[in-house]
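**Q** How does the following fold in three dimensions:
(one chain, ligands or ions: 2)
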Amino acid sequence: MTQPAFTPRVFSGIKPSGGLTLGNYLGAIKRFVDMQKGDCDTLYCVVDMHAVTVWQDPQDLRNATREVAAGFIASGIDPEQSILFNQSRVSAHAELGWLFNCVARVGWMNRMTQFKDKAGKNAEAVSLGLYAYPSLMAADILAYHATHVPVGEDQKQHVELTRDIANKFNHDYKVDFFPQAEPIIEGPATRVMNLRDGTKKMSKSGESDMERINMTDDADKIAKKFKKAKTDPEPLPDNMKDLESRPEARNLVNIYAALSDQSNEAVITEYAGAGWGKFKPALADLAVAKLSPISSEMSRLMADPAEIDRIMSKGAEKANEIAQPILKQAYEIMGFVR
Ligand code: AMP
Ligand code: TRP
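**A** Ligands and ions are numbered 1, 2, ... in the order given. Below is the predicted model:
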């Protein structure tokens, strides 16, 4: 099927479950800020309805929702330039999500690796929402006819499923209505790894706080965590290929590259032959220089939650204006009497 011309539009989201990490910043938020500079619409969403697929204490959910919004703004998302809002305020997400539950197939959901990882041996006891989550994510994207979805590596499969859902809808109803959204997974830090185990992703949850950098960590904590990060005894080589079997070393080089807006090749060339005694303090200084202004701005913003709520509510109005007509057409295509 040929793709009709859809206006380029960017959509992405982050769950307000726990605090934001350096993985969220480098894999997602920093890239959202870069994409805001282009000339297409950018929509950035605090996906609160995704967060409750696992238990969230209500007060924690409220705080985390505001904290993710504060993280967006403090990192450079301008609410005048981008549409910044929380998902539950725009009912089109849930409505289109239901329609997509009836398009997506159980077999597709069964292939989702994130579900398998999260459910583990406990698959019978997790919420039905956790299983249906990718179909809600497809609705987030397609309610805006978004064409570009900046995400970290771990979300690639979900964006591909979004394409399958759009295809099946278009095919079943013989329309060219939903676009094929493209995952945008770029740069040296699409998968930031755990600082204590370079084979695992850095995530919000995890046993030890030492395995991740939180966007709210102060300078001392950031420096300490990088200095204690697991490495190996070898100095840095002069090319990335030689880091293939050294996951922890590779991760730190990638983080340095992403924070300094350079390629990892440029970083490895600069630090060729350097030991950790030199590289780690340089990385810690760089991370503090980049993250401290963001974390202080986040705490400044968090001191006035009403202002954050006002921004999200205004964003939701704008989001709703785009999503409502698309949802209405989807209902009509399917034959609902409205
Ligand atoms: P989440 O916190 O799971 O809602 O993730 C929000 C965004 O951050 C998604 O685009 C993820 O792919 C991205 N992300 C989360 N953790 C990492 C990580 N360790 N490395 C790179 N990107 C990440
Ligand atoms: N599922 C994503 C994650 O866990 C968050 C998300 C929800 C998202 N809806 C989205 C990302 C739509 C991009 C587009 O990280």
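**Q** ok, which stretches of the stretch 151-300 of the chain are strands?
**A** Taking DSSP state E, counting those that start in this stretch as the test, the strands found in the stretch 151-300 of the chain are 182-184.
**Q** which bits of the stretch 51-200 of the chain sit near ligand 2?
**A** 137, 140-141, 149, 151, 155, 158 (C-beta under 6 Å from any ligand atom). The way it works is simple: take the backbone N, C-alpha and C, and place the C-beta from them, glycine included.
**Q** Which of these fall within helices?
**A** Of the positions in those, 137, 140-141, 158 sit in helices, assigned by DSSP state H.
**Q** out of these, which one sits closest to V90?
**A** Closest approach between these and V90, by C-beta to C-beta: D140, at 9.3 Å.
**Q** Could you report the distance from that closest one to K15?
**A** D140 sits 11 Å away from K15, taking C-beta to C-beta, to the nearest Å as the criterion.
**Q** ditto for D197
**A** Counting by C-beta to C-beta, the gap from D197 to K15 is 23 Å.
**Q** Among the two, which residue is more densely surrounded?
**A** Counted by other C-beta atoms under 10 Å, D197 and K15 do not tie: K15 has more neighbours, with 23 against 15.
**Q** follow-up on the earlier one: overlap in contacts, D140 and K15.
**A** For the pair D140 and K15, residues contacting each of them under the criterion C-beta atoms under 8 Å, 6 or more residues apart in numbering are V47.
**Q** Secondary structure element holding E307?
**A** helix 305-334 (DSSP states H and E).
**Q** ok and the residue in the stretch 1-150 of the chain nearest ligand 1?
**A** Evaluated by C-beta to the nearest ligand atom, the stretch 1-150 of the chain has G27 as its residue closest to ligand 1, separated by 2.0 Å.
**Q** Could I get the pLDDT score of that residue?
**A** Taken from the predicted model, the pLDDT recorded for G27 is 97.
**Q** Now do the same for the closest residue to it other than its chain neighbours: its pLDDT.
**A** Distances taken as C-beta to C-beta, 6 or more residues apart in numbering place G152 nearest to G27, at 3.2 Å, with adjacent residues excluded. As predicted, G152 sits at a pLDDT of 95.
**Q** Kindly report the same for T2.
**A** Reading off the confidence values, T2 has pLDDT 53.
**Q** any idea how far Y331 is from P325?
**A** Applying C-beta to C-beta, one obtains 11 Å for the distance of Y331 from P325.
**Q** who's more crowded, the two?
**A** Higher neighbour count among Y331 and P325: Y331, with 15 against 10, using other C-beta under 10 Å.
**Q** burial of the residue of the stretch 1-150 of the chain closest to ligand 1, as a residue count?
**A** For G27, the tally of surrounding residues (other C-beta under 10 Å) stands at 25.
**Q** cool, the one 4 residues further on as well?
**A** In terms of burial, R31 registers 23 neighbours under the definition other C-beta under 10 Å.
**Q** Cool, thanks, signing off.
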